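Chemist: Build me a model:
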Amino acid sequence: MLEGEGTIGIIDIHGVPANAMLGMRENLRTGMGIQVAKKRLMRRAWNEVGLDESDLDSLFAGAVQPALVMTKNMNSFELFSELKKTEAGRAAKPGDVAPQDIVVEKHDTGMAPGPVVGELNSVNIPAKIMGGSVHIQKTVTVLKEGEMFEGDLGMLLSKIGVNPIVTGLKLCGTLEDGTVFDPKVLDIDIEQFERDVISTIAGAFNLACNIRWFTTQTIPTLLSKASSEALSVAIEAGITNSKTLPLLISRAHTGAIGVAGKLDSEALDDELRSMLGAAAEAVATATVVSETTEEAPAEAAEEEEEEEGAEFGGLGDLFG
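Modeler: Predicted structure coming up:
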């Protein structure tokens, strides 16, 4: 396994039941090999294939019962993500060590009233019956990281949905192309990372275009912008060519219609009169539509007032 090319990892299988271990291995991707062995045997194999022993020491850190993982199909991040799927929380047992601060939030447990109220209070979790269910009255830290569970604390925490001991194939680190990756580095939100990369690329592209940095990616955009700006300058300067002529004629036509609209109708020919008539009709139609939209609510309000008046008259008649 160590002689092959790919990603090498050390996982900790401490606390994973044998039957759960078998199920986890079946659900993992094909092409991932897992070998359980003593640390001394793994170290000997590591040295025989010429790998740096200090890298192995880094991977062994935090591993109580190590196992070797080797894959040719996944990089370190993909391997971490795949192994993380095997993790699941369980209730703490006496003697277990808190992996982090155990915090119980203020909330409604939804549990029916019973002896559990006294049991929770006995382990310094303030509980009270409110509205027919057991409520945790305030947020408390019941154990600090590294402290040991004792008595029924783990069982009581499990009753209110706190299962702090994570079991699964915990990745302690990987070795890929001579680089050791810590699990804290590998634990990233892939979707958020992709969004960040896209946002960064968009910002870089925008900056490159604004400072006119010529690359194969920016040249099409810069040429398009230059073409648009050149067309605007040519139109304002009255330069005629195949690109500007249609726009200049359209502008001149619009200006001519505007001038014609200010002249006496007797000074216009039939074609201009028909153009002005069509334009005036379009404006009138738009105005009518706008006025109808505005008046509709007013008419509805008037109808409601009339109905209210009629109703009041009816009550007046009823009482003489």
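Chemist: how close does the residue nearest to residue 21 when sequence neighbours are not counted sit to residue 148?
Modeler: Nearest residue to residue 21, sequence neighbours excluded (CB to CB, 6 or more residues apart in numbering): residue 13, at 6.4 Å. Yep, even glycine has a C-beta here, placed from its N, CA and C like the rest. Per CB to CB, to the nearest Å, residue 13 is found 22 Å from residue 148.
Chemist: Likewise for residue 170?
Modeler: Distance of residue 170 to residue 148, computed by CB to CB: 19 Å.
Chemist: List the contacts of residue 15.
Modeler: 165, 167 (CB atoms under 8 Å, 6 or more residues apart in numbering).
Chemist: Name the spans of this protein whose pLDDT lies under the cut-off.
Modeler: Residue ranges of the chain with pLDDT under 70: 27, 29-30, 265-267, 278-320.
Chemist: care to break the chain down by domain?
Modeler: By the assignment in automatic domain parsing, the chain contains the domains 7-87+168-188, 102-160.
Chemist: quick one: which of those domains is nearest residue 203?
Modeler: domain 7-87+168-188 (20.3 Å; CB to CB).
Chemist: how far out from the middle of the chain is that closest one?
Modeler: 29 Å (CA atoms, centre = their mean, to the nearest Å).
Chemist: ok so, going back, which one's more surrounded, residue 170 and residue 148?
Modeler: Neighbour count, other CB atoms under 10 Å: between residue 170 and residue 148, residue 170 has more, with 21 against 12.
Chemist: In the helix or strand that contains residue 19, which residues are buried?
Modeler: Element membership of residue 19 [criterion: DSSP states H and E] is helix 18-27. The neighbour-count check on helix 18-27 (16 or more other CB atoms under 10 Å) flags 20, 21, 24 as buried.
Chemist: For it, report the contacting residues that lie outside it.
Modeler: Outside helix 18-27, the residues touching it (CB under 8 Å, 6+ apart) are 13, 16, 34, 85, 86, 167, 168, 169.
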